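coords please:
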Amino acid sequence: MASSSSLNTQEAIDLNDAPSVMHAPSSMPECAASVSNMGCRLHVRNHEVRMLRSRVTILQRLLKENKKKVGEFKEENKMLKMLVDSYADDLVIRSTEQKKQFSSQWDKIISLEEKLVESKSKLDKETSEKSVIKPISIEKNVYVTPFKRNHKKEYKTNVARVDKGKRLKVETHVPKPMFRPNLGEAGGSRLYQRVTIVYH
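Sure thing, here's the model as predicted:
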């Protein structure tokens with residue numbers, strides 16, 4: 001009897017030491033579900049992290065490309081600025097040269113105008129000082145010397161004697177026929193000729 005009781009107690013102890021599934025606590029399925037949920041969440045988070053990393057790499061690549069483009073734009077802006085500055089300097093130089101040329105031409109025009117005004121004033125002064133003389137036609141009886149009685153040239157010597165020192169421009173016209181000799185004068189016959197004297 002004693003042995004049977006001891007066996008019963010040992011079996012009872014063994015049953016207590018190694019519990020079966022039937023004796024498992026009720027919280028085990030909940031733990032497994034929570035663990036599976038955590039695994040799913042971790043998987044989703046890992047996927048999100050991978051997506052974020054890919055986005056970050058894409059953004060970094062775009063940022064590098066944008067930086068490269070910005071550098072290219074800066075270089076182009078520098079070149080354009082240099083070109084504009086050189087063009088502006090060239091325009092300034094050309095404008096200054098043209099201004100100098102225009103100023104020199106203007107000075108020449110002004111000097112020519114002054115010379116013209118001066119010459120005009122001199123001419124007006126000279127014309128005002130000169131008296132206007134109308135041509136006067138006068139007929140004179142001029143004595144003709146015997147050796148020039150049949151000469152056809154103008155008798156400037158006799159005309160100068162008639163002019164009496166007026167110092168004017170004289171035109172003489174001597175006609176061919178002569179007057180008959182004046183026999184009443186003393187000293188023999190004298191031959192006179194009518195000469196037209198035109199004073200200017």
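
domain assignment for this structure?
Annotated domains of the chain cover 49-130, 136-199 [automatic domain parsing].

among those domains, which gets the worst mean confidence?
When those are compared by mean pLDDT, domain 136-199 comes last with a mean of 48.

Surely Ser111 is in a helix?
Yes: judged by DSSP: H, G, I helix; E, B strand; the rest coil, Ser111 forms part of a helix.

quick one, what contacts it?
The contact partners of Ser111, by C-beta atoms under 8 Å, 6 or more residues apart in numbering, come to none. In this view, the C-beta of every residue, glycine as well, is placed from N, C-alpha and C.

mind checking how far it is from Val44?
97 Å (C-beta to C-beta, to the nearest Å).

again, but for Leu80
Applying C-beta to C-beta to Leu80 and Val44 gives a distance of 52 Å.

Gln60: which element?
Per DSSP states H and E: Gln60 is located in helix 28-129.

And the pLDDT at Ala12?
pLDDT recorded at Ala12 is 48.

now do Ala33
68.

now the one 3 residues further on
Reported pLDDT at Ser36 in the predicted model: 71.

Number of residues surrounding it?
Ser36: 10 surrounding residues under other C-beta atoms under 10 Å.

Roughly how far does it sit from Leu42?
11 Å.
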